[in-house]
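Chemist: Quick one: sequence plus predicted model below, questions after.
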Amino acid sequence: MELTKSAIHSLVRDARLHIPEELLQFVGTSVGTVLEYVSVLQRVPKVASVVSEREPTMDQHLLRLDLTRPSQGDVLLAGAPMHEERYLVVPAVIVHETGSSHSHIKGNR
Amino acid sequence: MIPEYPSIRTLQRLLADKVISPRDLREHCRQLCMRYDARLHTTLELFEAFDTNSGGSAGLLAHIPGMIKDNICVKGRTMSCASRVLERYTAVYNATVIEKLYRAGAIVLGRANMDEFAMGSSTEHSAFGSTRNPWNVDYVPGGSSGGSIAAVAAGFVPWALGSETGGSVRQPAAWCGIVGLKPTYGLVSRYGLTAYASSLDQIGVAARSVYDAALVLSVIAGREEPVRDSTALLLPRDYLLTNALDGIMPKGIRIGIIDNAFNVPGVSPEVVRLLEDAIAMLRSLGAHIVPVRLPSMDLGAATYFVISRAEASSNLARFDGVRYGRRSTHADTLFNMYANSRSEGFGEEVQRRILIGTYVLSHGHADAYYRSALNAQMLMKEETRRIFGEVDLLFAPVSPTEAFPLGTFAENSLQLDLQDYFTCFANLVGIPAIAIPCGFTTRSMPIGFQLMGPSMSEQLLCQVGYAYETATPWHTMHPQLLHV
């Protein structure tokens, strides 16, 4: 789809710009790229919610931090032996949230 | 005597042993920059006086100088975003990262060049001239944080801050042969970072080693009090990523090699060969290498294109000659004042992105275009979450090719966007990623690979990166700039 000249002028006005003729041509060709990309994106199956309920909230992040002080999760514990015993059992909330306990990773020392 | 390309640890030892003074170190870095930067143009301004809060003797970065990308506010200093629009703008407050650096005793040596408003992948789109690659000054350093990265690679400073929206720290880091670390979205406060695409923007770190990058990230991580960036996370006071860096690959670690990333048209065979060598090295260090497919990575470029342009057009609407920056002096109506101020101030690349973003968000298109991109982004997040149940980290190229000669994409800026193909995925999903040098092409240009991990896995990324770095020589190789 090509944008008409008046549609391009209206777009430039919406963007609050004055632009030279060669950039106007760029707008026309870019629309082709946008449409090409969008046609790819529109073939993506609908994901349940654009704002996923499974996305960790700030509270969950903080909870995770509290549970795993001083670092950020059981997966990060390799090399931190003095705290290792605290992480052998991964809290259910983290397993549920990440889908993995990463319990196969052990400290190095 | 200060060695060439010193690590932060080396400098700290020299300072502690009083072999050098803080002033010696600061002047040494300034002299290097003044002497050699004419060839590279990494720096927009070298500071002469320093904030009284900086350079304290306590703290993780006491007296260690670094460079700041020119889209991060340093109180009392110009912050131009490499744009004519803001060339006379003086920051009225410190970004959170600057406050944290000052508290750690760091010295902010100057403002680093960048693509205008961080829009570009080559640092050719600065209103104040292109930055060049220290490995070959006819080549671009990558971008948009090209000034920060080239200054570190050239040996002017041991660390620098950049910002990432689609890979603007990792891509130039790979092309200049240093380490680029992009944190989890929210790990570092964006307060004081000029917005490009706020849902993707994140401040990142450039350094010549994984250890130094981990140290600097430890300093700047965490939100401020009172909170000014609601997406930034509260971290423990003793957050220190270097604690676990012992050079040993974590036992049982599974690294997923993204198969489909290697089959993308345009990936150079030479890059593939170097990446395969890096995979072999990771395997020899004890990592379990698992081939995985991440089909949604192939949606990254399209998703990034739509979301970043849409957010850019919205964020840059504020630069209208009224509140910030340049105001046109020849305008007869209010609209013309807006339009003239913006058209005279913004460079072509920024105007292109604003126009595309305006189109994407325009009436009748926003739902079809913008929401499709958000849907694809959500799919990417879901798939990533699933895959991190199977592997601990993901391995991928940083860029399909080595750095290219200046002007290569002058006539086709849309093609240049494909340089973000592998890096923008981490930004869209919000996960951390690190670019690590892994060799040189036949033209002696550096190449890197990237590791991506689940949210908040910076420590694991650094452990694996450090183990790789300890076993390989690439981080010890430097451009010959200081000998010319």
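Modeler: Everything's here; your move.
Chemist: Where is the longest helix in chain A?
Modeler: Using DSSP state H to define each element, chain A has its longest helix at helix A:21-42.
Chemist: likewise chain B?
Modeler: Using DSSP H to define each element, chain B has its longest helix at helix B:366-387.
Chemist: now that one: how far from the chain's centre is it?
Modeler: Taking Cα atoms, centre = their mean, to the nearest Å, one finds the center of helix B:366-387 at 24 Å from the center of the full chain.
Chemist: Next secondary structure after that helix?
Modeler: Counting by DSSP states H and E, the element after helix B:366-387 in chain order, helix or strand, is strand B:393-397.
Chemist: how about low-confidence regions in the chain?
Modeler: Since you didn't name a chain, this refers to chain A. Across chain A, residues meeting the criterion (pLDDT under 70) sit at A:1-2, A:48-109.
Chemist: Let me rephrase: I mean chain B.
Modeler: In chain B (pLDDT under 70), the answer is B:52-53, B:55, B:414, B:482-484.
Chemist: Quickly note the distance from the residue lying farthest from the centre of it to chain A.
Modeler: Farthest-out residue of chain B from its mean C-alpha position, per Cα atoms, centre = their mean: B:Asp332, at 41.1 Å. Distance of B:Asp332 to chain A, computed by Cβ to the nearest Cβ, to the nearest Å: 13 Å. Every C-beta, even on glycine, is put in place using the N, C-alpha and C of the backbone.
Chemist: B:Val271 too?
Modeler: Distance, B:Val271 to chain A, by Cβ to the nearest Cβ: 24 Å.
Chemist: do stretch B:302-315 and chain A meet?
Modeler: Yes. For stretch B:302-315, a contact with chain A is found by Cβ under 8 Å from any Cβ of the partner chain, at B:Ala302, B:Thr303, B:Phe305, B:Val306, B:Ser313.
Chemist: surely the third one meets A:Tyr37?
Modeler: Yes. Between B:Phe305 and A:Tyr37 a contact is recorded at 5.4 Å, counting by Cβ atoms under 8 Å.
Chemist: Can you pick out the residue with more neighbours from the two?
Modeler: Taking neighbours as other Cβ atoms under 10 Å in any protein chain shown, B:Phe305 and A:Tyr37 compare with B:Phe305 leading, 27 against 22.
Chemist: That one: helix or strand, and which one exactly?
Modeler: With DSSP H and E as criterion, B:Phe305 is part of helix B:300-315.
Chemist: The next helix or strand along the chain from that helix and chain A in contact?
Modeler: Sequence-wise, the next helix or strand downstream of helix B:300-315 (DSSP H and E) is helix B:334-345. Yes. Helix B:334-345 lies within reach of chain A by Cβ under 8 Å from any Cβ, at B:Phe335, B:Asn336, B:Tyr338, B:Ala339, B:Asn340, B:Arg342, B:Ser343.
Chemist: Same question for whatever helix or strand comes next after helix B:334-345: list its buried residues.
Modeler: Next in sequence after helix B:334-345, counting helices and strands by DSSP H and E, comes helix B:348-361. Judged by neighbour count using 16 or more other Cβ atoms under 10 Å in any protein chain shown, the buried positions of helix B:348-361 are B:349-361.
Chemist: Restrict the residues you listed to those that also contact chain A, please.
Modeler: Counting by Cβ under 8 Å from any Cβ, the members of these near chain A are B:Gln351, B:Arg352, B:Ile354, B:Leu355, B:Ile356, B:Thr358, B:Tyr359, B:Val360.
Chemist: Good, we can wrap up now.
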